[in-house]
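S.K.: heads up, no residue letters with this:
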Ligand code: SF4
């Protein structure tokens with residue numbers, strides 16, 4: 001199979017995409033949890049809001065100092081819990097900015113008022129990612145469908161756009177119940193590209209439920225089945241990135257990924273998959289390719305010393321420059337330029353219209369391979385600090401509860417016969 005036919009046949013072939021250069025010590029982002037408290041409940045939240053509460057400014061400064069020593073990154077995601085319920089969030093954002101990171105705020109938006117937004121911007125906030133979806137119980141808005149939540153998404157996008165200077169994105173959990181709505185959300189983001197800079201689909205995981213595996217801490221079995229929080233969301237075959245890609249490509253055959261982070265154990269798994277499209281007047285001109293992604297990361301690292309996390313809204317709104325500067329470099333940009341020129345020929349007024357860039361990010365959290373290995377995101381951007389050390393934020397609760405990460409082992413009855421025989425022989429000889 002030639003490389004070009006392979007790219008057409010399989011948009012998820014990691015060999016044809018750019019592997020983001022992010023690592024444990026040098027990444028685009030890091031993850032700072034300033035509180036465990038939250039003002040809503042989300043199915044699938046992996047933090048226990050009853051533990052710990054708000055961190056003090058001293059504790060937060062200490063964690064930032066640990067990051068400084070151990071890990072370089074452009075952005076610092078402020079998370080929790082919900083960071084906006086921390087009474088000193090504005091001071092924390094200021095501290096993060098003064099210590100050299102772009103503060104990236106991850107919130108459900110419930111506590112966000114225009115006044116707080118202004119203060120956060122003045123303190124240095126660079127971006128907002130709003131977690132809004134049907135897995136939540138919110139008091140400010142209710143919808144049975146993901147599409148219904150677009151009203152609330154739009155409200156926050158308008159608020160951030162009115163304040164200016166910060167990017168706006170969304171985290172949306174996708175389960176088998178809601179996957180059919182993904183194309184509608186992709187379309188909605190396209191129509192609102194003037195104020196929506198990214199949309200992130202995160203496939204649902206309930207780590208409390210690991211059917212087919214026994215879980216162990218310090219060699220002792222942990223009864224995780226009892227911890228199953230939302231059995232109605234549990235599926236024996238968890239949703240993965242390829243199914244989300246299929247949904248999007250069903251309505252948009254030109255949808256193309258450009259970059260990825262694979263699994264730490266399974267190189268074929270797409271843990272973070274990036275597609276960046278260029279949009280004019282609510283219509284996609286094309287998707288940038290791997291070469292463009294590579295150059296943006298490398299140029300940022302060369303001139304700023306860190307991998308790129310979040311470009312400014314001004315840069316994202318100047319994507320016409322990308323068309324004219326990078327067409328020679330990247331096939332995807334060339335295709336987008338061709339669509340742009342055709343649009344200008346049809347209507348010369350299009351020459352004066354803005355071309356905007358928008359990222360669609362597909363995230364697939366931890367999964368357990370058949371042999372029991374935990375397949376994490378290789379080059380995890382959401383690494384956090386706990387008691388002076390770096391941990392995957394999605395598994396911090398294991399450290400807090402057991403002092404170690406859990407290990408998984410396929411249930412014995414699923415092992416091949418010769419393995420069982422081996423174990424028996426070993427037992428007999430003991
Ligand atoms: S390994 Fe866990 S914390 Fe890191 S990016 Fe993946 S899901 Fe997030």
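M.R.: Cool, the structure landed. Treat the numbers as computed from the prediction; the structure is a model and nothing was measured. Residues are numbered from 1 along each chain as shown.
S.K.: use CA for all of it now, contacts and neighbours both
M.R.: OK.
S.K.: Confirm for me that residue 339 is in contact with residue 285.
M.R.: Yes: using CA atoms under 8 Å, residue 339 is in contact with residue 285, at 5.5 Å.
S.K.: For those two, indicate the residue with more neighbours.
M.R.: Between residue 339 and residue 285, counting by other CA atoms under 10 Å, residue 285 is the more crowded of the two (24 against 15).
S.K.: what does the protein put close to the ligand?
M.R.: 365-366, 376-377, 380-383, 392-394 (CA under 6 Å from any ligand atom).
S.K.: just these now: which is nearest residue 296?
M.R.: residue 381 (17.3 Å; CA to CA).
S.K.: if I read this right, that closest one contacts residue 22, doesn't it?
M.R.: Yes: between residue 381 and residue 22 there is a contact under CA under 8 Å: 7.4 Å.
S.K.: Give the residues shared as contacts by these two.
M.R.: Common contacts of residue 381 and residue 22 (CA atoms under 8 Å, 6 or more residues apart in numbering): residue 28.
S.K.: Who has more neighbours out of the two?
M.R.: residue 381 (25 against 20).
S.K.: and residue 379, how many residues sit next to it?
M.R.: Neighbour tally, residue 379, other CA under 10 Å: 23.
S.K.: Not counting its neighbours along the chain, what's nearest it?
M.R.: Residue nearest to residue 379 in three dimensions, not counting chain neighbours: residue 23, with 4.2 Å by CA to CA, 6 or more residues apart in numbering.
S.K.: Report the closest residue of the stretch 151-300 of the chain relative to the ligand.
M.R.: Residue nearest to the ligand within the stretch 151-300 of the chain (CA to the nearest ligand atom): residue 271, separated by 6.9 Å.
S.K.: Dihedrals phi and psi, the closest residue to that residue other than its chain neighbours?
M.R.: Nearest residue to residue 271, sequence neighbours excluded (CA to CA, 6+ apart): residue 364, at 4.7 Å. When read as degrees, to the nearest 10, the backbone of residue 364 gives phi -120, psi 100.
S.K.: how close does residue 364 get to residue 248?
M.R.: Shown here: residue 364 relative to residue 248, a distance of 16 Å by CA to CA, to the nearest Å.
S.K.: got it, and residue 163?
M.R.: For residue 163 relative to residue 248 (CA to CA), the value is 31 Å.
S.K.: higher neighbour count, those two?
M.R.: Neighbour totals were compared for residue 163 and residue 248, and residue 248 leads with 23 against 12 (other CA under 10 Å).
S.K.: can you tell me the helix or strand for residue 160?
M.R.: helix 150-163 (DSSP states H and E).
S.K.: Report the buried residues of stretch 162-176.
M.R.: Using 16 or more other CA atoms under 10 Å as the test for burial, stretch 162-176 gives 165-175.
S.K.: Each with direction, which strands does the longest strand that the chain contains pair with?
M.R.: Using DSSP state E, we find that the single longest strand of the chain is strand 270-280. Looking at strand 270-280 with DSSP bridges, its partner strands are strand 259-262 (antiparallel), strand 283-287 (antiparallel), strand 355-363 (antiparallel).
S.K.: Which secondary structure state does the nearest residue to residue 351 once chain neighbours are set aside sit in?
M.R.: Once flanking residues are discounted, residue 351 sits nearest to residue 344: 5.9 Å by CA to CA, 6+ apart. Taken by DSSP: H, G, I helix; E, B strand; the rest coil, the conformation at residue 344 corresponds to helix.
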